[in-house]
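> take a look and give me a structure for this.
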Amino acid sequence: GGVQAFIVTRTGNISSAGQIGYQIAGYGELPTDINDFAVDQPMSGTVQFAAGESSKVIYVRLNGDTQIEGTESYTVSLQAQDANSQIDVGAALASIDSDDQAVSIVARNANVREGTTSTTPLEFVVTRTGELLLSGTVQWHVQGFGNNPVDAADFGGTWPSGTVEFAPGQSSAVIRFSATPDSHYEPTEGLQVVISSTTPGMTVIQDRANGSLINDDARLSLDGSGLVAAEGNSDTPRSLNFTVQRQGDLTQSVSVDWRLVFGNDANSANAADFLNGTAFNGTLEFARGVQSLVVTLPLSPDNLVELDESFQVVLSNPSPGAEISVGSANGLIRNDDVVFNLLSQANGLEGSGGSHELRYVVERSGDLSGSDTITWSLAPGAVNGVSGSDFVGGILPSGTLVFTAGVDRMEIVLQIATDSQLEPDESFVISLGTPGPGATVGNGSVNGMLLNDDQQFAIQAQTASVAEGGDGQAAQLNFLVNRTGYLNGTGSVAWRV
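Numbering: from 1, shown residues only. From the prediction side, this is the model:
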């Protein structure tokens, strides 16, 4: 604390020693109290004058503090110690002027968008009260705050900090600093500016103020759930699609490029798998408020049985203020075509007695997940062709095969009308009809034969006549039975005389 001095002057007969008492007491509207004086400062005492001494000094030691207060007053009053002492001026008035300062910080423009290429400075105001005729110094630094605090990387790797120098008479100063702009998606992050001071007599009342860096970036994610589909047929065209989702700040416009990537192996799709005019690259422009955009890729249907074909969609080159979170997705064009093949069969015997069946197998290969229909018909062959009478019902057979999901084989069943008439082998042709969309026919016709299995018998006498012979003698007549037609099986015929 400071020291104030009071001079006590003695006049008159000063040839001998003398003494005078004094007392310190508060005075006026803002009187001092004992706390304003040093602990070892007596509030009263006696001034001793030696012989011939005309003046003495009373030193009053004050108690220094940092409390903001008004100007306080006190008096030092003299008190006579004997009858020979008279007091001319009995009291002196003194005041203690405050030399303390107080500082505090408040946010002024403390919640700003982080920025992508430039940013708005954050501003905090430091205010000083108290004794402004003095200079003062305040130190400040930035630190993270809240559940999502900033870190040094938000400021280029170095935490902002500095010093505020108050000139005499200056009551406020502004702290300004800026974040480093980026395009990285992140939540809004909190910060604090904290102040301190080593200036004697300066008290920090409010030592921190809060601010935030508001995220203004977007995260782009590619959703490829619509990139897998069956190729489709002429009656059921198909398309693929992908969606790019935007998350984060939707108040700005951003863009991102996309492209299709085809491989070189047998399982890779190519441009021919898509309709003519389909774009295989482009730029998606997100206007303000738009959260998602969809790109549709129409497929070119065919009837060709082929492998499932793959490709990839890739995002690239996001505009400032956007970053790619999920940047690629795989697509797959599934084969949904089938091929029918009519299998050859061994020629069959016509048969006799009742009816007889001949069976031909139709195979279906490719995509068996759906149902398909194929018609068939039978026509006479070029040589000795069959006729309707060779089949049950008296007409040339035809029909339709319906393949349900998962079925790969069905049979054409020919109901043969058997007879016992000797006739040549008869030919026929079985043909498959035109299948529905998405199906083709590989082997679509088979030649067949109805093999004659009938026999014809004829009898012929080998001896026209014989002599009857005498009594007890035997005579023999011989007849030859001839068989023609089908000789690969057994045959029998009855005879009688």
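
> what about Asn267, neighbour count?
Using other CB atoms under 10 Å, Asn267 has 12 other residues around it. In short, each C-beta sits where N, CA and C put it, glycine included.

> I should have written Pro298 there, sorry.
16.

> need the contact list for it.
Pro298 makes contact with Pro237, Arg238, Ser239, Phe274, Leu275, Thr278, according to CB atoms under 8 Å, 6 or more residues apart in numbering.

> that one: helix or strand, and which one exactly?
Using DSSP states H and E, the element containing Pro298 is strand 292-298.

> in that strand, what's buried?
Buried residues in strand 292-298, counting neighbours by 16 or more other CB atoms under 10 Å, are found at Leu293, Val295, Leu297, Pro298.

> can you list contacts of whichever strand or helix holds Val57?
Assigned by DSSP H and E, Val57 belongs to strand 55-61. Applying CB under 8 Å, 6+ apart, the external contacts of strand 55-61 come out as 1-10, 22, 24, 37-38, 40-41, 45, 47-49, 76, 94.

> hmm, try it at 10 Å
Strand 55-61 has contacts (CB atoms under 10 Å, 6 or more residues apart in numbering) with 1-11, 14, 19-20, 22, 24, 32, 36-43, 45, 47-50, 74, 76, 78, 92, 94, 96.

> point out where the protein drops to low pLDDT.
Low-confidence segments of the chain, defined by pLDDT under 70, span residues 348, 350-355, 420, 453-457, 464, 469-470, 484-487, 489, 491.

> give me the most central residue, it.
Closest residue to the average C-alpha location of the chain: Ser221 at 4.5 Å, with CA atoms, centre = their mean.

> phi and psi next, for that one.
phi -130, psi 130 (degrees, to the nearest 10).

> one more: Ala272?
Note on Ala272: backbone dihedrals following degrees, to the nearest 10 are phi -70, psi -20.

> in contact with the closest residue to it other than its chain neighbours, which residues are there?
Counting by CB to CB, 6 or more residues apart in numbering, Ser300 is the residue found nearest to Ala272 once chain neighbours are left out, at 6.6 Å. The contact partners of Ser300, by CB under 10 Å, 6+ apart, come to Glu231, Gly232, Pro237, Arg238, Ala271, Ala272, Asp273, Phe274, Leu275, Asn276, Thr278, Ile333.

> apart from its chain neighbours, what residue comes closest to the fifth one?
Here the nearest residue to Ala271 in space, its sequence neighbours aside, is Phe280; by CB to CB, 6+ apart that works out to 6.9 Å.

> next, count neighbours for the one you found.
14.

> what about the strands in the stretch 51-200 of the chain?
Taking DSSP state E, counting those that start in this stretch as the test, the strands found in the stretch 51-200 of the chain are 55-61, 72-80, 91-96, 101-109, 111-113, 122-130, 136-145, 161-166, 172-177, 189-196.

> list the buried residues of stretch 2-21.
In stretch 2-21, counting by 16+ other CB under 10 Å, buried: Gln4, Phe6, Val8, Arg10, Gly18, Ile20.

> before we move on, what SS does the first one have?
Under the three-state scheme (DSSP: H, G, I helix; E, B strand; the rest coil), the conformation of Gln4 reads as strand.

> my guess is it contacts Leu62. True?
Yes. Gln4 is in contact with Leu62 according to CB atoms under 10 Å; the separation is 6.8 Å.

> can you pull out the helices in this protein?
Using DSSP state H, no helices are found in the chain.

> looking at it, which strand is longest?
The single longest strand within the chain, with elements called by DSSP state E, is strand 355-366.

> strands paired with that one, and their directions?
strand 338-342 (antiparallel), strand 409-417 (antiparallel) (DSSP bridges).

> picking that back up, got the phi/psi numbers for the residue nearest to Ala271?
Dihedral angles for Phe280 - degrees, to the nearest 10 - are phi -110, psi 10.

> please renumber the chain so that the first residue is 38 from this point on.
With 38 as the first residue, the last one maps to Phe317.

> now do the contacts for it.
Trp295, Arg296, Leu297, Val298, Phe299, Ala308, Phe311, Leu334, Phe348, Val350.

> how about a cut-off of 8 Å?
Here Phe317 is in contact with Arg296, Leu297, Ala308, Phe311 (CB under 8 Å, 6+ apart).

> how close does it get to Ser353?
14 Å (CB to CB, to the nearest Å).

> likewise Glu226?
28 Å.

> and those two? Which one has more around it.
Set Glu226 next to Ser353 and count neighbours by other CB under 10 Å: Glu226 wins out with 21 against 12.

> for stretch 186-197, C-alpha coordinates in CSV please.
Extracted in CSV, the C-alpha atoms of stretch 186-197 (Å, rounded to 0.1, in the frame of the first residue of the first chain):
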residue,chain,number,x,y,z
PRO,A,186,-15.4,-28.4,-28.5
VAL,A,187,-13.2,-26.8,-31.0
ASP,A,188,-9.6,-27.9,-31.3
ALA,A,189,-6.4,-26.3,-32.6
ALA,A,190,-7.0,-27.7,-36.0
ASP,A,191,-10.0,-25.4,-36.4
PHE,A,192,-7.5,-22.5,-36.2
GLY,A,193,-4.8,-23.8,-38.5
GLY,A,194,-3.2,-25.9,-35.8
THR,A,195,-2.5,-23.1,-33.3
TRP,A,196,-4.8,-21.9,-30.5
PRO,A,197,-5.6,-18.1,-30.8
